[in-house]
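Asker: Quick one: sequence plus predicted model below, questions after.
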Amino acid sequence: MSNPFANSINRAPRFRRQALVPGLAAFSLLALSLTAARPVQDSDKFAERAKRAGEILDELVKSSDSAPPESMLRQATCIAAVPGVKQAGLGVGGRVGYGLASCRLSGGWSAPTFMALKGGSIGLQIGGQSADMVLVFMNKNAAKTIASSTFNLGGQASVAAGPVGRNATAETDYKASAEIYSYSRTKGLFAGIDLAGTKWEVDTKANEKVYGALPTTTADKNGVGTLLAREGSTAPALVQPFLASLARHMPAR
(Lines give C-alpha, C1' and ligand atoms only; values in the text may rest on other atoms or scores of the structure.)
Protein backbone atom coordinates (compact mmCIF):
# COMPACT_ATOMS: atom_id res chain seq x y z
CA MET A 1 0.00 0.00 0.00
CA SER A 2 1.39 3.40 -0.90
CA ASN A 3 2.08 5.95 1.75
CA PRO A 4 -0.15 9.01 1.16
CA PHE A 5 2.14 11.27 3.19
CA ALA A 6 5.25 10.19 1.27
CA ASN A 7 3.40 10.56 -2.00
CA SER A 8 2.30 14.06 -1.07
CA ILE A 9 5.91 15.02 -0.40
CA ASN A 10 7.08 13.47 -3.65
CA ARG A 11 4.34 15.34 -5.53
CA ALA A 12 5.29 18.63 -3.87
CA PRO A 13 7.13 21.17 -5.99
CA ARG A 14 10.87 20.63 -6.06
CA PHE A 15 11.68 23.93 -4.36
CA ARG A 16 9.44 22.98 -1.40
CA ARG A 17 11.21 19.63 -0.98
CA GLN A 18 14.60 21.37 -1.12
CA ALA A 19 13.52 23.81 1.58
CA LEU A 20 12.28 20.99 3.79
CA VAL A 21 15.69 19.24 4.07
CA PRO A 22 17.65 22.25 5.40
CA GLY A 23 14.81 22.90 7.86
CA LEU A 24 15.01 19.37 9.24
CA ALA A 25 18.80 19.62 9.41
CA ALA A 26 18.60 22.89 11.30
CA PHE A 27 16.10 21.39 13.75
CA SER A 28 18.39 18.41 14.34
CA LEU A 29 21.38 20.68 14.95
CA LEU A 30 19.33 22.75 17.41
CA ALA A 31 18.30 19.63 19.32
CA LEU A 32 21.89 18.43 19.46
CA SER A 33 23.14 21.80 20.67
CA LEU A 34 20.54 21.90 23.43
CA THR A 35 21.48 18.40 24.53
CA ALA A 36 25.18 19.26 24.55
CA ALA A 37 24.50 22.41 26.57
CA ARG A 38 22.95 20.57 29.53
CA PRO A 39 26.22 19.30 31.08
CA VAL A 40 27.66 22.82 30.84
CA GLN A 41 24.63 24.19 32.67
CA ASP A 42 24.98 21.52 35.36
CA SER A 43 28.67 22.33 35.71
CA ASP A 44 27.91 26.01 36.14
CA LYS A 45 25.28 25.20 38.76
CA PHE A 46 27.62 23.03 40.80
CA ALA A 47 30.47 25.53 40.47
CA GLU A 48 28.23 28.31 41.78
CA ARG A 49 27.15 26.09 44.69
CA ALA A 50 30.79 25.45 45.64
CA LYS A 51 31.67 29.14 45.27
CA ARG A 52 28.79 30.22 47.51
CA ALA A 53 29.63 27.52 50.07
CA GLY A 54 33.14 28.97 50.34
CA GLU A 55 31.79 32.51 50.65
CA ILE A 56 29.48 31.46 53.48
CA LEU A 57 32.42 30.11 55.46
CA ASP A 58 34.35 33.33 54.84
CA GLU A 59 31.44 35.44 56.07
CA LEU A 60 30.76 33.27 59.12
CA VAL A 61 34.34 33.21 60.38
CA LYS A 62 35.00 36.89 59.69
CA SER A 63 31.93 38.04 61.62
CA SER A 64 33.18 38.96 65.10
CA ASP A 65 29.69 38.77 66.61
CA SER A 66 28.69 35.37 65.25
CA ALA A 67 31.97 33.58 64.54
CA PRO A 68 32.33 30.13 66.10
CA PRO A 69 35.03 29.66 68.77
CA GLU A 70 38.45 29.11 67.22
CA SER A 71 39.03 25.99 69.31
CA MET A 72 35.85 24.47 67.86
CA LEU A 73 37.02 25.09 64.32
CA ARG A 74 40.40 23.53 65.14
CA GLN A 75 38.73 20.39 66.48
CA ALA A 76 36.00 20.06 63.81
CA THR A 77 36.08 16.74 61.97
CA CYS A 78 33.81 17.70 59.05
CA ILE A 79 32.19 20.90 57.78
CA ALA A 80 29.11 21.39 55.61
CA ALA A 81 28.05 24.68 54.05
CA VAL A 82 24.59 24.99 52.51
CA PRO A 83 23.77 28.26 50.73
CA GLY A 84 20.20 29.45 50.44
CA VAL A 85 18.28 26.88 52.47
CA LYS A 86 14.69 27.66 51.54
CA GLN A 87 12.00 27.39 54.16
CA ALA A 88 8.39 28.39 53.71
CA GLY A 89 5.06 27.50 55.18
CA LEU A 90 1.42 28.28 55.76
CA GLY A 91 0.39 25.86 58.49
CA VAL A 92 2.66 23.17 57.02
CA GLY A 93 6.30 24.13 56.51
CA GLY A 94 9.10 22.72 54.42
CA ARG A 95 12.85 23.12 54.12
CA VAL A 96 15.29 22.35 51.32
CA GLY A 97 18.87 23.34 50.53
CA TYR A 98 21.89 22.01 48.62
CA GLY A 99 25.53 22.35 49.59
CA LEU A 100 28.88 20.61 50.09
CA ALA A 101 30.63 18.80 52.92
CA SER A 102 34.28 17.93 53.48
CA CYS A 103 36.10 16.05 56.25
CA ARG A 104 39.48 16.64 57.81
CA LEU A 105 42.37 14.44 56.76
CA SER A 106 45.90 14.35 58.14
CA GLY A 107 47.13 16.74 55.47
CA GLY A 108 44.12 18.99 54.98
CA TRP A 109 40.53 18.55 53.78
CA SER A 110 38.94 15.80 51.72
CA ALA A 111 37.34 15.96 48.33
CA PRO A 112 33.86 17.29 49.15
CA THR A 113 30.60 15.46 48.66
CA PHE A 114 27.53 17.26 47.42
CA MET A 115 24.64 16.98 49.86
CA ALA A 116 21.18 18.27 50.67
CA LEU A 117 19.13 19.26 53.69
CA LYS A 118 15.45 18.40 53.43
CA GLY A 119 12.64 18.44 55.94
CA GLY A 120 9.17 19.48 56.89
CA SER A 121 7.38 20.77 59.93
CA ILE A 122 3.80 21.24 61.05
CA GLY A 123 2.76 24.08 63.26
CA LEU A 124 1.58 27.65 63.44
CA GLN A 125 3.88 29.24 60.91
CA ILE A 126 3.53 31.63 58.05
CA GLY A 127 6.08 33.29 55.82
CA GLY A 128 9.21 32.42 53.90
CA GLN A 129 12.90 32.42 54.51
CA SER A 130 16.25 31.81 52.86
CA ALA A 131 19.17 31.08 55.16
CA ASP A 132 22.81 30.26 54.60
CA MET A 133 23.73 27.41 56.90
CA VAL A 134 26.95 25.88 58.23
CA LEU A 135 27.13 22.60 60.13
CA VAL A 136 30.20 21.83 62.22
CA PHE A 137 30.72 18.13 62.95
CA MET A 138 32.68 17.28 66.09
CA ASN A 139 32.45 13.49 66.47
CA LYS A 140 35.16 11.15 65.21
CA ASN A 141 32.72 9.07 63.17
CA ALA A 142 31.35 12.07 61.26
CA ALA A 143 32.69 10.89 57.89
CA LYS A 144 31.00 7.53 58.33
CA THR A 145 27.73 9.24 59.30
CA ILE A 146 27.87 11.52 56.25
CA ALA A 147 28.60 8.59 53.94
CA SER A 148 25.54 6.69 55.18
CA SER A 149 23.42 8.48 52.51
CA THR A 150 20.71 9.76 54.84
CA PHE A 151 20.28 10.53 58.52
CA ASN A 152 18.07 12.74 60.64
CA LEU A 153 19.54 15.75 62.39
CA GLY A 154 18.48 15.59 66.01
CA GLY A 155 17.71 11.90 65.54
CA GLN A 156 20.62 9.68 64.53
CA ALA A 157 22.95 12.65 65.07
CA SER A 158 22.49 15.17 67.89
CA VAL A 159 22.49 18.80 66.78
CA ALA A 160 22.57 22.07 68.71
CA ALA A 161 22.79 25.77 67.99
CA GLY A 162 26.47 26.62 67.80
CA PRO A 163 28.05 28.94 70.36
CA VAL A 164 29.37 32.25 69.04
CA GLY A 165 32.12 34.63 70.07
CA ARG A 166 35.77 34.33 70.93
CA ASN A 167 35.41 34.69 74.71
CA ALA A 168 36.27 32.03 77.30
CA THR A 169 32.64 31.01 77.85
CA ALA A 170 32.04 30.29 74.18
CA GLU A 171 35.33 28.42 73.99
CA THR A 172 34.18 25.94 76.64
CA ASP A 173 30.41 25.75 76.09
CA TYR A 174 30.58 23.71 72.89
CA LYS A 175 32.41 20.87 74.65
CA ALA A 176 29.10 19.74 76.10
CA SER A 177 27.61 16.86 74.12
CA ALA A 178 26.29 17.67 70.62
CA GLU A 179 27.78 15.89 67.62
CA ILE A 180 26.89 18.75 65.25
CA TYR A 181 26.66 22.50 65.81
CA SER A 182 24.63 24.63 63.40
CA TYR A 183 24.97 28.25 62.29
CA SER A 184 22.67 30.18 59.97
CA ARG A 185 22.36 33.61 58.47
CA THR A 186 18.78 34.52 57.75
CA LYS A 187 17.89 36.62 54.74
CA GLY A 188 14.09 36.67 55.09
CA LEU A 189 11.32 36.58 57.65
CA PHE A 190 10.22 33.29 59.13
CA ALA A 191 9.23 32.07 62.57
CA GLY A 192 10.20 28.76 64.12
CA ILE A 193 13.53 27.75 62.51
CA ASP A 194 14.61 24.40 63.94
CA LEU A 195 16.93 21.78 62.46
CA ALA A 196 15.38 18.92 64.42
CA GLY A 197 13.63 16.61 61.98
CA THR A 198 15.66 17.82 59.02
CA LYS A 199 17.07 15.02 56.87
CA TRP A 200 20.61 14.99 55.54
CA GLU A 201 20.93 13.38 52.13
CA VAL A 202 23.90 12.71 49.89
CA ASP A 203 23.33 14.37 46.48
CA THR A 204 24.33 11.29 44.50
CA LYS A 205 23.39 12.73 41.11
CA ALA A 206 25.57 15.80 41.66
CA ASN A 207 28.50 13.64 42.77
CA GLU A 208 28.19 11.49 39.65
CA LYS A 209 28.11 14.51 37.34
CA VAL A 210 31.10 16.17 38.99
CA TYR A 211 33.28 13.13 39.81
CA GLY A 212 31.97 10.48 37.44
CA ALA A 213 31.34 6.95 38.69
CA LEU A 214 32.68 6.48 42.22
CA PRO A 215 34.01 3.10 43.41
CA THR A 216 31.49 1.47 45.72
CA THR A 217 31.49 -1.37 48.23
CA THR A 218 28.85 -3.10 50.31
CA ALA A 219 29.72 -0.82 53.20
CA ASP A 220 29.99 2.27 50.97
CA LYS A 221 27.12 1.94 48.52
CA ASN A 222 27.32 5.46 47.07
CA GLY A 223 31.09 5.85 47.13
CA VAL A 224 30.99 8.84 49.49
CA GLY A 225 33.20 7.14 52.06
CA THR A 226 35.84 6.69 49.39
CA LEU A 227 35.40 10.30 48.28
CA LEU A 228 35.84 11.68 51.82
CA ALA A 229 39.09 9.73 52.13
CA ARG A 230 40.60 11.45 49.06
CA GLU A 231 42.80 14.50 49.35
CA GLY A 232 40.97 17.65 48.29
CA SER A 233 43.78 18.52 45.88
CA THR A 234 42.60 15.66 43.66
CA ALA A 235 39.07 17.10 43.36
CA PRO A 236 37.88 18.97 40.23
CA ALA A 237 38.58 22.68 39.92
CA LEU A 238 34.93 23.67 40.34
CA VAL A 239 34.87 22.59 44.03
CA GLN A 240 38.22 24.21 44.92
CA PRO A 241 36.72 27.55 46.14
CA PHE A 242 35.02 25.66 48.96
CA LEU A 243 38.21 23.81 49.85
CA ALA A 244 40.25 27.02 49.68
CA SER A 245 37.96 28.65 52.23
CA LEU A 246 38.30 25.64 54.54
CA ALA A 247 42.08 25.83 54.26
CA ARG A 248 42.07 29.56 55.10
CA HIS A 249 39.88 29.35 58.19
CA MET A 250 40.33 25.78 59.41
CA PRO A 251 43.88 24.66 58.61
CA ALA A 252 45.08 21.12 59.18
CA ARG A 253 45.74 20.25 62.81
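Answerer: That came in fine, so what should we check first?

Asker: does the nearest residue to E179 once chain neighbours are set aside count as helix, strand or coil?
Answerer: Excluding its sequence neighbours, the residue lying closest to E179 (CB to CB, 6 or more residues apart in numbering) is N139, at 4.3 Å. (C-beta placed from N, C-alpha, C; glycine too.) With DSSP: H, G, I helix; E, B strand; the rest coil as the basis, N139 sits in coil.

Asker: ok, N139 - contacts?
Answerer: T77, T145, A157, E179, I180 (CB atoms under 8 Å, 6 or more residues apart in numbering).

Asker: Give me the average confidence score over the one helix or strand A50 maps to.
Answerer: Assigned by DSSP states H and E, A50 falls within helix 14-62. When pLDDT is averaged over helix 14-62, the result is 65.

Asker: Please identify the next secondary structure element, helix or strand, after that helix.
Answerer: Heading C-terminal from helix 14-62 (DSSP H and E), you reach helix 70-75.

Asker: In strands, which of the contacts of N139 fall?
Answerer: I180 (DSSP state E).

Asker: In the contacts of N139, find the pair that's most separated.
Answerer: Pairwise distances across those peak at 12.1 Å for T77 and A157 (criterion: CB to CB).

Asker: quick one, which of these two is more surrounded?
Answerer: Taking other CB atoms under 10 Å, T77 and A157 do not tie; A157 has more neighbours (20 against 17).

Asker: How about the contacts made by G54?
Answerer: Counted by CB under 8 Å, 6+ apart, G54 has contacts A81, P241, F242, L243, A244, S245, L246.

Asker: Return the subset of these lying in helices.
Answerer: P241, F242, L243, A244, S245, L246 (DSSP state H).

Asker: For G223, see how far away the residue lying closest to T198 once chain neighbours are set aside is.
Answerer: Once flanking residues are discounted, T198 sits nearest to G119: 3.6 Å by CB to CB, 6+ apart. From G119 over to G223 the distance is 25 Å, taken as CB to CB, to the nearest Å.

Asker: before we move on, back to that, between the contacts of N139, which has the least confident prediction?
Answerer: By pLDDT, A157 ranks lowest within the contacts of N139, coming in at 76.

Asker: Pull the contacting residues for L153.
Answerer: Contacts for L153 (CB under 8 Å, 6+ apart) come out as L117, V159, I180, S182, L195, A196, G197, T198, K199, W200.

Asker: Which members of the contacts of G54 are classed as buried?
Answerer: Among these, those classed as buried by neighbour count (16 or more other CB atoms under 10 Å) are A81, P241, F242, L243, A244, S245, L246.

Asker: residues in contact with the first one?
Answerer: The neighbours of A81, taking CB under 8 Å, 6+ apart as the test, are A53, G54, I56, L57, G99, L100, A101, D132, M133, V134, L135, F242.

Asker: residues contacting the fourth one?
Answerer: When you say that, I think you mean L57. Taking CB under 8 Å, 6+ apart, we find L57 in contact with I79, A81, V134, F242, S245, L246, H249.

Asker: Thanks a lot, catch you later.
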